[in-house]
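# Provide a 3D model corresponding to the input given below.
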Amino acid sequence: MARRSRACWKDTLSKAMKQCAQCGQFCEDGASFCTNCGTPLSRWPSPSAVSTKKEFLQLPENSRLKKELNSDAIVCYICAALTVVLGVFVLKSPYFLIDVIIVLGMGLGIHLKQSKVCAVILCIYAVINAVLGLINNGKISGYLLLIAGIYSVISTFKLDKQWKQYQHDHSL
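Sure, this is the predicted structure:
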């Protein structure tokens, strides 16, 4: 049987267990406190395990937030599809393509890049559409896009806040 180097054992241990930031002791993965010094163990993985916001979003603790962002993007895709159908069959004007491009672009930015900027632009665009609908038709329209805009702003800002907290806790 080949003998493993100390570095190899340490690497194996660090993947299976949490390491105390205070004393360096490896503790069981589910442990809340270090078994050696009693220091509370972080709920986040080691800093080397996560280096980007996208990787951070993949953590099990963030699964609900990831679902929220995906749902917001899906609503944008549905709005874009509905705009295409209405534009082709009802309006019969090429100007609807501008709406489709904007909504689809913002949805992709939220979905793929978790972009706060895209979420804010989408929200502003949805408010403008609702106001124009009120002025032109006497009633507010575009509820679905307005809801998607509001929720995407909430979700992207929540992700950004958690990411900054993670970076602060791990000095990335």
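# where exactly do the helices run in this structure?
Listed in chain order, the helices of the chain (DSSP state H) span residues 6-16, 53-57, 63-86, 96-113, 116-137, 143-170.
# what's the distance between the second one and the middle of its chain?
Translated: helix 53-57. On the basis of Cα atoms, centre = their mean, to the nearest Å, helix 53-57 is displaced by 8 Å from the centre of the chain it belongs to.
# Report all helices and strands that it contacts.
With contacts defined as 3 or more Cβ pairs under 8 Å, 6 or more residues apart in numbering; DSSP states H and E, the secondary structure elements packing on helix 53-57 are helix 63-86, helix 143-170. (Each C-beta comes from the backbone N, C-alpha and C, glycine too.)
# Indicate which one of those is closest to residue 99.
Across the helices and strands packed on helix 53-57, residue 99 has its closest neighbour in helix 63-86 (4.9 Å, Cβ to Cβ).
# how close does residue 97 get to residue 87?
In this view, residue 97 and residue 87 are 7 Å apart by Cβ to Cβ, to the nearest Å.
# The two: which has the busier surroundings?
Each of residue 97 and residue 87 has its neighbours counted (other Cβ atoms under 10 Å); residue 87 has more, 18 against 12.
# wait, the more buried one sits on residue 98?
No: look at residue 87 against residue 98 with Cβ atoms under 8 Å: they stay out of range, at 9.8 Å.
# Overlap of the contact sets of these two?
When contacts are counted by Cβ atoms under 8 Å, 6 or more residues apart in numbering, the set common to residue 87 and residue 98 is empty.
# Pull the number of nearby residues for residue 93.
Number of residues near residue 93 (other Cβ under 10 Å) recorded here: 9.
# Equivalent analysis for residue 161, please.
Taking other Cβ under 10 Å as the definition, residue 161 ends up with a neighbour count of 10.
# now do the one 4 residues further on
Using other Cβ under 10 Å, residue 165 is surrounded by 11 other residues.
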